[in-house]
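Would you be able to build a 3D model of this:
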Amino acid sequence: MYARDWVTNADTYGRQGLYVALARDLVAGGGVARVLDIGCGLGHGLAALAEVLPEDGRLIVGTDTNPGCLRGATERLGFDPIHPALSRRVARLQT
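Just a heads-up that it's a prediction; the model follows:
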């Protein structure tokens with residue numbers, strides 16, 4: 001439900017250029033090649049980062065606890081939805 005409801009806002013922000021502007025601001029100082037997006041949602045920010053970061057040497061990783069968001073990000077970025085790197089992991093407190 002969250003993924004479905006958030007897409008309206010995220011798409012609007014995307015059309016306004018907000019995600020690309022934020023990605024450009026992040027890399028403006030130079031030296032950024034690796035980014036971890038915690039709570040990547042539907043992948044709008046990941047797509048913007050892929051647009052502005054040079055392919056050579058970049059690593060962009062997105063995480064989210066919402067499986068619907070991860071499916072949406074996977075579709076947006078054109079990844080194989082059954083790739084093992086896209087599987088959900090469950091964290092456990094180690095005592």
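
Can you give me the distance of residue 63 to residue 17?
25 Å (CB to CB, to the nearest Å). For every residue, glycine as well, the C-beta is placed using N, CA and C.

Strands of this structure, residue ranges please.
34-38, 59-63 (DSSP state E).

Need those strands in a markdown table (columns: distance to residue 25, mean pLDDT and mean neighbour count).
A markdown table is the format used below for these (distance: least, CB to CB, whole Å; pLDDT from 0 to 100; neighbours: other CB atoms under 10 Å):
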| stretch | distance to residue 25 | mean pLDDT | mean neighbour count |
| --- | --- | --- | --- |
| strand 34-38 | 13 | 95 | 13 |
| strand 59-63 | 16 | 92 | 15 |
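
Make a markdown table out of these and add distance to residue 9.
A markdown table is the format used below for the strands of the chain (distance: least, CB to CB, whole Å):
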| stretch | distance to residue 9 |
| --- | --- |
| strand 34-38 | 17 |
| strand 59-63 | 18 |
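
Which of the ones you listed sits closest to residue 81?
Nearest to residue 81 among the strands of the chain is strand 59-63 (14.2 Å), distances taken as CB to CB.

which residues touch the closest one?
Strand 59-63 is contacted from outside by 33-40, 43, 45-46, 49-50, 53, 73, using CB atoms under 8 Å, 6 or more residues apart in numbering.

Walk me through which strands it pairs with, and which way each runs.
strand 34-38 (parallel) (DSSP bridges).

can you give me how far the strand it pairs with is from the chain middle?
Chain-centre distance of strand 34-38: 8 Å, with CA atoms, centre = their mean, to the nearest Å.

which non-adjacent residue is nearest residue 81?
Once flanking residues are discounted, residue 81 sits nearest to residue 74: 5.1 Å by CB to CB, 6 or more residues apart in numbering.

Can you give me the distance of that neighbour to residue 83?
8 Å.

Those two: which is more packed in?
Higher neighbour count among residue 74 and residue 83: residue 74, with 18 against 9, using other CB atoms under 10 Å.

how about the helix or strand of the chain with the lowest mean pLDDT: buried residues?
The least trusted helix or strand in the chain, going by mean pLDDT, DSSP states H and E, turns out to be helix 2-15, with a mean of 84. Using 16 or more other CB atoms under 10 Å as the test for burial, helix 2-15 gives 3, 6, 7, 10, 13, 14.
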